[in-house]
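Peer 1: Quick one, what's the 3D model for this:
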Amino acid sequence: MPKKIAVLGGGCTGLAAGLRLARKGYEVQVIEKLTRVGGLAGGVAINGNIYEYGPHVFHTTDTEILNDIKSIMGDDLISFQRTITIRFLNNYFKFPLSTAEVFLKLPVKTVIRALISLSWNLIKGPFWKPKVENSETVLMREYGKVIYEIFFKSYIERVWGVSPSEFSPNFARQRIPRLNMLEIVDKIFAPIKSHLKKNIKTDNYVEKVEGDLYTTKKGFSLIVERIAEEIQKLGGAVYLDSEVIRINRDGNRVRSVEVKDKNSAKREIPVDGVISTIPVNETVMRTYPCFENGIIEAAKGLRFRALVFVGLVVKRPKVLLSSFMYFRNHSFNRITDQAQFAIDIKPKGSTILVAEISCGTEDRYWQDETYAIEAVISDLEKESILKRDEILESYVFRAEHAYPLYSLNYELILDTLLSTTSSLMNFETAGRQGKFQYINTHIAMKMGYEAADKIIKKLQ
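Peer 2: Numbers count the residues shown, from 1 in each chain. Got it, this is the predicted structure:
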């Protein structure tokens, strides 16, 4: 008789794990709290349209994952290239930031200050030993004070809601690209500087990513839906609108998982093994018998940053010149033009703009939909991106656990929680929320495959 494995969370990691297990002949049950699969890589169905949680595309250099997705999707995968720009200081910048372009487009006085600051930091950097290492010290050492304050300080404060001086140095090391000094010398001081000024464009910049990019007529949502369908074809189950409320253990083994559906009806699912991709702090706090008080208190100290999404149907085929754009001085951090992703949108000839607002669940943006919509529309009008009378529909949807909040010393808390979950003999933690890692979809899928292999080995 096949062993029963519950997968907690139906995002990219959970679905990949479920697919792997189902193909290996295990009895899989994927349990998803939302009404659709995909998590942050999925979307919301409203009035015949799909509003996605951000501008996700499929890409990977992992041959196994690539072949699996191509096999599942067939001709529905569409080859794609995305373009990204930042609107800042009344100018457009390519993203990821090119140091050369930054220097070329900033005012001359600012460029001189930035170069002096950068040069000084390159000299003193190896000898500068701050009392406390954080994202601010890492970025100032890498870019100098001027560029740090212009670009990175406000970015971190806006998106994560904390000062870089209170943010873990791991964020800056892992997520911010390091300088290429040869590029700076070549593009700033070379004789072709004037030529570069004339030819820098913002409408055809393609971000460098791993592997070819793919989308579908229904966005990334169709990819995760097809994976869920494949799990079901193989005999597995995918439960939506189902929240994990309790993980029951007997010593160091999990025996069952309790789930509550949308009607508050509860049921208990006996298991031989569990893969959890839900937030690791919630995993620990929902396990019974409870872990010791110190572990529970540690779980309370791990925090996530939320996102509010404002979706607007606009009666125009496309609105943005880029696939998506970042902003610094508005209510939203990023806006995506879904028509740029080849997504089918109703009515014909219209597009969907999705604006992302970083916030806490206690903030007004999260609590008041009318306020969030009005703030976004007002800022879009200020940027001359659209006119109010072009908007056909507006909706708000939310993601509570959007970004892991890398506060100082979060690593100590995370190590405590992951050590606790790893002590369970038939349990695996994986994914963006499960591992508290700021990762992309292809990495999340890889984690799912690896988690499935690990739980299989444990059960053997």
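
Peer 1: where in the stretch 201-350 of the chain is pLDDT low?
Peer 2: Within the stretch 201-350 of the chain, the ranges that satisfy pLDDT under 70 run 201-209.

Peer 1: Now do the helices in it.
Peer 2: Assigned by DSSP state H, counting those that start in this stretch, the helices in the stretch 201-350 of the chain fall at 220-233, 280-285, 293-300.

Peer 1: Please name every helix or strand in contact with the longest one.
Peer 2: This means helix 220-233. Judged by 3 or more CB pairs under 8 Å, 6 or more residues apart in numbering; DSSP states H and E, helix 220-233 is in contact with helix 12-23, strand 27-31, strand 49-52, helix 63-73, strand 237-239. (Each C-beta comes from the backbone N, C-alpha and C, glycine too.)

Peer 1: want to throw the ones you listed into a markdown table with distance to Lys382 and mean neighbour count?
Peer 2: Formatted as a markdown table, the helices and strands packed on helix 220-233 follow (distance: least, CB to CB, whole Å; neighbours: other CB atoms under 10 Å):
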| stretch | distance to Lys382 | mean neighbour count |
| --- | --- | --- |
| helix 12-23 | 35 | 29 |
| strand 27-31 | 43 | 24 |
| strand 49-52 | 23 | 24 |
| helix 63-73 | 40 | 15 |
| strand 237-239 | 43 | 18 |
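
Peer 1: Any chance of CSV for the ones you listed, columns distance to Ser378?
Peer 2: Below are the helices and strands packed on helix 220-233 laid out as CSV (distance: least, CB to CB, whole Å):
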stretch, distance to Ser378
helix 12-23, 34
strand 27-31, 40
strand 49-52, 20
helix 63-73, 39
strand 237-239, 40
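
Peer 1: Can you report how many residues lie near Arg87?
Peer 2: 19 (other CB atoms under 10 Å).

Peer 1: Would it be right to say that it lies in a strand?
Peer 2: Yes: the assignment for Arg87 is a strand, going by DSSP: H, G, I helix; E, B strand; the rest coil.

Peer 1: tally of neighbours for Leu34?
Peer 2: 17.

Peer 1: Setting the sequence-adjacent residues aside, check what's closest to it.
Peer 2: Nearest non-adjacent residue to Leu34, counting by CB to CB, 6 or more residues apart in numbering: Leu240, 6.9 Å away.

Peer 1: Could you double-check that the one you found sits in contact with Val30?
Peer 2: No: if you go by CB atoms under 8 Å, Leu240 and Val30 don't touch, sitting 9.2 Å apart.

Peer 1: who touches both of those two?
Peer 2: Gly10, Val37 (CB atoms under 8 Å, 6 or more residues apart in numbering).

Peer 1: what's the angle from the lengthiest helix in the chain to helix 12-23?
Peer 2: Taking DSSP state H as the assignment, the helix of the chain that covers the most residues is helix 441-459. Between helix 441-459 and helix 12-23, the angle comes out at 50 degrees (axes from the mean of the first three to the mean of the last three CA atoms, to 10 degrees).

Peer 1: Show me what counts as buried in helix 441-459.
Peer 2: Neighbour counts over helix 441-459 (16 or more other CB atoms under 10 Å) mark 441-452, 454-456 as buried.

Peer 1: Now for these: which two are most distant?
Peer 2: Spatial extent of these (CB to CB) is set by the pair Thr441 and Ile456 at 23.1 Å.

Peer 1: and the protein, what are its domains?
Peer 2: According to the TED database, the chain comprises the domains 4-79+216-302+407-459, 96-194, 304-404.

Peer 1: Quick one: those domains as CSV, columns for distance to Glu210 too.
Peer 2: Converted to CSV, these look like this (distance: least, CB to CB, whole Å):
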stretch, distance to Glu210
domain 4-79+216-302+407-459, 5
domain 96-194, 14
domain 304-404, 17
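
Peer 1: Thr85 is nearest to which of the ones you listed?
Peer 2: It's domain 304-404; of the domains of the chain, that one is closest to Thr85 (CB to CB) at 4.5 Å.

Peer 1: Compute the distance from the centre of that closest one to the centre of its chain.
Peer 2: Relative to its chain's centre, domain 304-404 lies at 16 Å (CA atoms, centre = their mean, to the nearest Å).

Peer 1: all helices for the stretch 1-150 of the chain, in order.
Peer 2: 12-23, 63-73, 99-105, 108-124, 135-143, 145-147.

Peer 1: tell me what the fourth one is packed against?
Peer 2: The one in question is helix 108-124. helix 99-105, helix 135-143, helix 145-147.

Peer 1: right, so these: which one is the most enclosed?
Peer 2: helix 135-143 (a mean of 23; mean count of other CB atoms under 10 Å).

Peer 1: residues making contact with that one?
Peer 2: For helix 135-143, using CB under 8 Å, 6+ apart, the contacting residues are 118, 121, 125, 128, 130, 148, 151-153, 156, 163-165, 167-169, 171-173, 176, 178-179, 406.

Peer 1: Help me confirm that Phe58 comes into contact with Leu213.
Peer 2: Yes: in terms of CB under 8 Å, Phe58 counts as a neighbour of Leu213; the distance is 7.2 Å.

Peer 1: circling back: for the helices of the stretch 201-350 of the chain, give me CSV that also has distance to Ser79 and mean neighbour count.
Peer 2: Shown next, in CSV, are the helices of the stretch 201-350 of the chain (distance: least, CB to CB, whole Å; neighbours: other CB under 10 Å):
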stretch, distance to Ser79, mean neighbour count
helix 220-233, 14, 21
helix 280-285, 36, 22
helix 293-300, 43, 14
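
Peer 1: Ok, which of the ones you listed comes nearest Val254?
Peer 2: Closest of these to Val254 is helix 280-285, at 10.5 Å (criterion: CB to CB).

Peer 1: for that closest one, packing partners?
Peer 2: The criterion is 3+ CB pairs under 8 Å, 6+ apart, and the helices and strands that helix 280-285 contacts are helix 293-300, helix 410-422, helix 431-434.

Peer 1: Quick check: the gap between Leu8 and Glu229.
Peer 2: Note on Leu8: its distance to Glu229, by CB to CB, to the nearest Å, is 20 Å.

Peer 1: My error: substitute Ile269 in the last question.
Peer 2: 21 Å.

Peer 1: swap in Gly14?
Peer 2: Going from Gly14 to Glu229 by CB to CB gives 15 Å.

Peer 1: among the domains of the chain, which is nearest Ile86?
Peer 2: Here domain 304-404 is closest among the domains of the chain (CB to CB), at 4.4 Å.

Peer 1: Would you map the strands across the stretch 201-350 of the chain?
Peer 2: Using DSSP state E, counting those that start in this stretch, the strands found in the stretch 201-350 of the chain span residues 213-215, 237-239, 243-250, 253-260, 266-270, 273-276, 287-288, 304-314, 324-327, 334-337.

Peer 1: and of the ones you listed, who's closest to Leu418?
Peer 2: strand 273-276 (11.2 Å).
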